[in-house]
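1. sequence first, then the predicted structure:
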Amino acid sequence: MRPAAALLTACLSFATPVSAQGFDGVVQLDILDGGRTANGTYLGALRLTLKDGWKTYWRAPGDAGIPPQFDWGASGNVGDVAITWPAPEVFDQNGLQSIGYANQLVLPVEITPKNPTKPVRLRGEMDLGVCKDVCIPERLDFDHTLDADAARNPAIAAAFAQRPYSAREARVAKASCHLTPTADGMQIEARVTMPSAGGREVAVIEPGNPALWASRPDTERHGDTLIARSEIINASGAPFVLDRSEIRITVLGAKHAVDIQGCSAG
């Protein structure tokens, strides 16, 4: 098995939730209320509080992390759930790179109710990975009826303020992706014309298809152009086609992060 495929298999097998004996209380989940918006949606947030020194993962967790997964199936009067991810940190340990949050994560969610005249109940499960000296999977239950009359929540507002800049806000002039077939899948070379995000910039490439996996990009800057190269493979080994409009490129810098949706041929 080639290195990229071996690492993917290890990540997928580790992502199955198991009992975390001996690590009780590492992470606590609370639901925060943010009230109802002018357009009728409800604001809330999942707040994860971790013990000192522990961290959890972003939606694209890095070399060997566990991407969080949500099950909203038991909720009541929930039509759509939109998640806003605050900009994560990059952690380097023993040659591996992971992407996530230390000590606490406030994850804003905006819920569109099926029936605007009835209350919204968030009930379900969150699967996530938490790491310190060891990494363990956790499954957390939540059950909370959102308060439509709740006041503006400072913690939710702060989390919204920490989101990555959009391409327009970051003055991205162009984003292109050149694709080349490889023995295992597809190499992608993304070129993003934009001002520096500050310090060491780390690019993350998400294929836009949950069946596909992208390796950690090699990232370098030449003047006003950031270049990121990654290999994308299918866990099943089957051939695939990449839709450039679904490719998501996130640039994590010392000053800010940038979220770029889609890229042109290049």
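-> On my side now, so go ahead. Computed from a prediction, not measured in an experiment: that's the story for all the values here.
2. wait, is A157 part of a helix?
-> Yes: applying DSSP: H, G, I helix; E, B strand; the rest coil, one finds A157 inside a helix.
3. ok, it to R163 distance?
-> Applying Cβ to Cβ, to the nearest Å, the value for A157 to R163 is 11 Å. Glycine gets a C-beta too; all of them are placed from N, C-alpha and C.
4. which helix or strand contains G124?
-> Assigned by DSSP states H and E, G124 belongs to strand 121-131.
5. by contact count, what packs against that strand?
-> Applying 3 or more Cβ pairs under 8 Å, 6 or more residues apart in numbering; DSSP states H and E, one finds that strand 121-131 contacts strand 27-36, strand 42-50, strand 55-62, strand 69-71, strand 135-145.
6. next structured bit after the fourth one?
-> When you say that, I think you mean strand 69-71. Helices and strands here follow DSSP H and E; after strand 69-71, the next one along the chain is strand 78-83.
7. from the middle of its chain, how far away would that following strand be?
-> Taking Cα atoms, centre = their mean, to the nearest Å, one finds strand 78-83 lying 16 Å from the centre of the chain it belongs to.
8. what do you get for stretch 205-212?
-> For stretch 205-212, the distance to the chain centre is 12 Å (Cα atoms, centre = their mean).
9. ok, stretch 231-250 next?
-> Put simply, stretch 231-250 sits 17 Å off its chain's centre (Cα atoms, centre = their mean).
10. sorry, back to before: ok, which of the helices and strands packed on strand 121-131 comes nearest D184?
-> Ranking the helices and strands packed on strand 121-131 by distance to D184, with Cβ to Cβ as the measure, places strand 55-62 first at 19.1 Å.
11. name the residues of the closest one that are buried.
-> Buried residues in strand 55-62, counted by 16 or more other Cβ atoms under 10 Å: K55, T56, Y57, W58, R59, A60, P61, G62.
12. what's the answer for stretch 97-117, then?
-> For stretch 97-117, a neighbour-count test (16+ other Cβ under 10 Å) marks 97-102, 105-113 as buried.
13. residues in contact with L46?
-> By Cβ atoms under 8 Å, 6 or more residues apart in numbering, the residues touching L46 are L29, D30, I31, L32, L105, V106, L107, V109, M126, F142.
14. not counting residues beside it along the chain, what's closest to the fourth one?
-> The shortest distance from L32 to any residue other than its chain neighbours is 4.2 Å, reached at A45 (Cβ to Cβ, 6 or more residues apart in numbering).
15. any low-confidence regions in the stretch 151-266 of the chain?
-> Applying pLDDT under 70 to the stretch 151-266 of the chain flags no residue at all.
16. residue ranges of the helices in the stretch 151-266 of the chain, please?
-> For the stretch 151-266 of the chain, the helices defined by DSSP state H, counting those that start in this stretch occupy 154-161.
17. would you map the strands across it?
-> 165-166, 174-181, 185-193, 202-206, 212-214, 218-222, 225-234, 248-252, 257-261, 264-265 (DSSP state E, counting those that start in this stretch).
18. list the strands paired with the fifth one, with their directions.
-> Spelled out, that is strand 212-214. Strand 212-214 pairs in its sheet with strand 225-234 (antiparallel), by DSSP bridges.
19. now do the same contact list for the residue nearest the centre of the chain.
-> The centroid of the chain falls nearest to R59 when counting by Cα atoms, centre = their mean (2.2 Å). For R59, the contact set (Cβ under 8 Å, 6+ apart) comprises P67, P68, W85, E206.
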